[in-house]
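Enquirer: Test case, fold it:
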Amino acid sequence: MYIFFIIVLAVHALVNLYIGVRGWQSLELFPALRPWFIALMVLAFIAYPAGRFLEKLWYNPLSITLHWIGAFWFAVMLYLTLMLIVADLGRLVNLVFPYVAKLSNGNIPALKIALFGIISSLTIVIVGSGFINARNPKVVRLDLSIPKQAGNMEYLRIAAASDIHLGTLVGSNHTRKLVNTINSLNPDLILFAGDVVDEDVGPVIEQNLGENLKQLYAPYGIFAATGNHEYIGGGDKPIAYLENHGIKVLRDTALLVNNSFYIIGREDLQKRHFSGKPRLGLEELMKDIDLTMPLIMLDHQPYNLEEAAKAGIDLQLSGHTHHGQLWPFGYITNKLFEVSHGYYKKDSTHYYVSTGYGTWGPPVRTGNRPEILLINLYFDSE
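Expert: Predicted structure coming up:
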């Protein structure tokens, strides 16, 4: 983890240096603006780590503001860098096929400031649109059939979500929207596939977000599995907070519900890094359950999907990938995971990997929309 954070900080510094140098060069026509530009760059560079550090000491308007500025800056950095790379490729082409002098009528400083304005404006539009998109989740509806009996039940109406990331950026209003939307679906069962809390539970407590969660209702219960962010946030403390506010967290647990079906919650893969103990193997976890009943499993990270198929799981719900969250990272998650997003079937096992409800890092989604799932699960032994 330490090596990972050192690499991230090094990349963060280099990208900011690149943007800073290009911005300084672009302001050749207005040298008086250069010190202000550098001051803004320094603020943007330190805002996120400073905000997160101050939050742990004292949750206050300054720490919140710095957190928001720094989080937005991650998205701004990405799109500024991509467009600056395109501009620099244009400069390389100019070395072979000179066109810049003609395009600018010999006024290179004016061309630089024009490009500065165009790139900045495009970035603001992209990031602003991504923020609006991130605040407006869609409901994905899925009808699935399992060839098993579930007591006297003919079907089960499930509302599910993953990667809510409750915290400073996903606060009271966004949490209330989650609760109201899920309740409006009239689910029989509510499931959360990990990362309900965004690392530190402090901002969740300060904003009293648990009071919103307590408004969730489903006759067969509200269950969650752990995600990597619950463990990054300390494990026991965020998990206890969720349980104290109406969400039963299944930690390598198989629970028989209504004497009709099982909910299986796997510990997140990151448990071994933070506790020194690996999660249970799926075979051990399922050794005492009735395999003739419908089996629904929550497993946050969608790795090794074949394990669920071999074990006879009927439906697995996962998240974690965010399907990249920001374009073009979805192309990377498509390579890293067998399924980065959406519905998939392997043998007789149904899988759904959600893009998630909240955001991690920047409160922006440009690669996909956030979502809540509504699954009508039909049981038919014939």
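
Enquirer: Okay, now the unreliable bits of the stretch 101-250 of the chain?
Expert: For the stretch 101-250 of the chain, applying pLDDT under 70 flags no range at all.

Enquirer: quick one, helices of it?
Expert: Using DSSP state H, counting those that start in this stretch, the helices of the stretch 101-250 of the chain run over 108-134, 172-184, 202-206, 210-213, 228-232, 236-244.

Enquirer: For the fifth one, name the packing helices and strands.
Expert: Same thing as helix 228-232. If you count contacts as 3 or more Cβ pairs under 8 Å, 6 or more residues apart in numbering; DSSP states H and E, helix 228-232 packs onto helix 271-275. Glycine gets a C-beta too; all of them are placed from N, C-alpha and C.

Enquirer: So which bits of the helix or strand harbouring L256 are buried?
Expert: Following DSSP states H and E, one finds L256 within strand 253-257. Across strand 253-257, burial judged by 16 or more other Cβ atoms under 10 Å covers 253-254, 257.

Enquirer: L326: how many residues sit nearby?
Expert: Applying other Cβ atoms under 10 Å, we find 22 residues neighbouring L326.

Enquirer: Just say helix, strand or coil for it.
Expert: coil (DSSP: H, G, I helix; E, B strand; the rest coil).

Enquirer: tell me the most buried of the helices of the stretch 101-250 of the chain?
Expert: helix 228-232 (a mean of 24; mean count of other Cβ atoms under 10 Å).

Enquirer: just to revisit the earlier point, what lines up beside the strand holding L256 in the sheet?
Expert: Next to strand 253-257 in the sheet, as set by DSSP bridges, lie strand 261-265 (antiparallel).

Enquirer: any idea of the mean pLDDT for the strand it pairs with?
Expert: The pLDDT scores in strand 261-265 average 97.

Enquirer: From the rest of the structure, what touches that strand?
Expert: Residues outside strand 261-265 that contact it (Cβ atoms under 8 Å, 6 or more residues apart in numbering): 150-151, 153, 156, 189, 191, 223-226, 249-257, 285-286, 289-290, 293-298, 313.

Enquirer: which of these count as buried?
Expert: 150, 153, 156, 189, 191, 223-226, 249-254, 257, 285-286, 293-298, 313.

Enquirer: For the buried residues of strand 253-257, give me CSV that also has pLDDT and distance to D143.
Expert: Formatted as CSV, those follow (pLDDT from 0 to 100; distance: Cβ to Cβ, whole Å):
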residue, pLDDT, distance to D143
T253, 95, 28
A254, 95, 25
V257, 96, 20
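
Enquirer: so where's the longest helix in this protein?
Expert: Using DSSP state H to define each element, the chain has its longest helix at helix 61-96.

Enquirer: now that helix: how far from the chain's centre is it?
Expert: 21 Å (Cα atoms, centre = their mean, to the nearest Å).

Enquirer: hang on, the earlier thing: need the residues that contact the strand holding L256.
Expert: 189, 220-221, 223, 248, 262-265, 285-286, 288-290, 293.

Enquirer: Which one of these is nearest to L82?
Expert: Distances from these to L82 were compared by Cβ to Cβ; the smallest belongs to G265, at 39.0 Å.

Enquirer: show me the contacts for the residue lying closest to A13 once chain neighbours are set aside.
Expert: Nearest non-adjacent residue to A13, counting by Cβ to Cβ, 6 or more residues apart in numbering: F45, 7.6 Å away. By Cβ under 8 Å, 6+ apart, the residues touching F45 are 12-13, 16, 73.

Enquirer: so which helix or strand takes in F45?
Expert: F45 belongs to helix 34-57 when assigned by DSSP H and E.

Enquirer: what's the model's confidence in that helix, averaged?
Expert: 94.

Enquirer: what's the answer for stretch 290-298, then?
Expert: Stretch 290-298 carries an average pLDDT of 96.

Enquirer: Would you mind measuring the gap between the ends of that stretch?
Expert: 18 Å (Cα to Cα, to the nearest Å).

Enquirer: just stretch 310-317 next, same as before
Expert: This stretch, stretch 310-317, spans 16 Å end to end (Cα to Cα).

Enquirer: Pull out the buried positions in it.
Expert: By neighbour count on 16+ other Cβ under 10 Å, the buried set for stretch 310-317 is 311-317.

Enquirer: Could you pull up the mean pLDDT of that stretch?
Expert: 96.

Enquirer: Same question for stretch 61-73.
Expert: Mean predicted lDDT for stretch 61-73 stands at 96.

Enquirer: Give me the contacts around that stretch.
Expert: Defining contact as Cβ under 8 Å, 6+ apart, one finds that stretch 61-73 is touched by 43-52, 54-55, 57, 127, 131, 168-169, 361-364.

Enquirer: relative to helix 34-57, how tilted is the helix or strand where H12 lies?
Expert: Using DSSP H and E, H12 maps to helix 2-26. Between helix 2-26 and helix 34-57, the angle comes out at 160 degrees (axes from the mean of the first three to the mean of the last three Cα atoms, to 10 degrees).

Enquirer: Which secondary structure elements does helix 2-26 sit against?
Expert: Here helix 2-26 touches helix 34-57, helix 61-96, helix 108-134, going by 3+ Cβ pairs under 8 Å, 6+ apart.

Enquirer: Give the rounded mean pLDDT of that helix.
Expert: Helix 2-26 comes out at a mean pLDDT of 90.

Enquirer: quick thing: my sequence starts at 262, can you match it?
Expert: From this message on, residue numbering opens at 262, which makes the last subject helix 263-287.

Enquirer: just how off-centre is that helix within its chain?
Expert: Relative to the centre of its chain, helix 263-287 is centred 23 Å away, using Cα atoms, centre = their mean.

Enquirer: Flag every buried residue along it.
Expert: For helix 263-287, by 16+ other Cβ under 10 Å, it's 273, 276-277, 279-281, 283-284, 287.

Enquirer: Can you tell me what sits against that helix?
Expert: Under Cβ under 8 Å, 6+ apart, the answer for helix 263-287 is 295, 298-299, 302, 305-306, 338, 341-342, 345, 348, 373-374, 376-377.

Enquirer: closest to D404 among the residues you listed?
Expert: M338 (41.4 Å).
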